[in-house]
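Undergrad: got a structure for you, letters missing:
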């Protein structure tokens, strides 16, 4: 993926994702984690306020009209089609962490945060509703992690993992609770034996559905 962004601080820049295309859906989360921990002594707290407010508001928004901020996105089929004077390249590490480089390095402070919105815009333009809900909620949980743990670079990647696990747990609770006409919160408040009974029923149905899918494919 290569996209350009234009904002009032840094015109005509390119953002390049150097990783597996199927992981790009997590690009906003991983890039946010990197830049907040990397810039922890400067504007990280201010940008965290901005991001958290945006995604909390997005939870109440119509997903058919995902809002964008700060940047204009330009898709290019051929990366050589346009020569950008500023380039942000994000590489995916084997540890599921992101590491970005900025060219020229002296302009890195101005490119840090606009590049996040370029990743978000790309996601908003390509994601389906289900993926949009997941990443939206995960980013809110990720912001909560920073509030509780601060900005420590040695903890790079932990906020993304925490948010993904919490989001997956919430979606599973909602799915299991729906069998009994309950919300995720109502399901979690049930006595343990009632939760276990619903979990066992959900597992049974999931196994049966998997066997049915296998039979249909033969």
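TA: Here it is on my side, so go on. Remember, predicted model here, so these are calculated numbers, not experimental data.
Undergrad: Name the nearest residue to the residue most central in space within the chain, ignoring sequence neighbours.
TA: Most central in the chain under Cα atoms, centre = their mean is residue 29, positioned 3.6 Å from the mean C-alpha point. Excluding its sequence neighbours, the residue lying closest to residue 29 (Cβ to Cβ, 6 or more residues apart in numbering) is residue 160, at 5.0 Å. Where C-beta positions appear, they are placed from N, C-alpha and C, glycine not excepted.
Undergrad: How about the backbone phi and psi for residue 180?
TA: phi -110, psi 10 (degrees, to the nearest 10).
Undergrad: cool, and residue 18?
TA: Residue 18 adopts backbone torsions of phi -110, psi 80, taken as degrees, to the nearest 10.
Undergrad: Enumerate every residue touching the closest residue in space to residue 97 that isn't next to it in sequence.
TA: What sits nearest to residue 97 in space, not counting adjacent residues and going by Cβ to Cβ, 6+ apart, is residue 157, at 4.2 Å. Residue 157 sits next to 30, 33, 95-97 when contact means Cβ atoms under 8 Å, 6 or more residues apart in numbering.
Undergrad: Wait, a strand at residue 17?
TA: Yes - if the criterion is DSSP: H, G, I helix; E, B strand; the rest coil, then residue 17 is within a strand.
Undergrad: Surely it and residue 26 touch.
TA: No - counting by Cβ atoms under 8 Å, residue 17 stays clear of residue 26, with 10.5 Å between them.
Undergrad: Any regions of the chain where pLDDT drops low?
TA: Applying pLDDT under 70 to the chain picks out residues 1-13, 62-86, 210-218.
Undergrad: So which residues of it form strands?
TA: Counting by DSSP state E, the chain has these strands, from start to end: 2-5, 13-18, 74-75, 86-92, 98-103.
Undergrad: thought residue 137 was touching residue 167?
TA: Yes - using Cβ under 8 Å, residue 137 is in contact with residue 167, at 5.2 Å.
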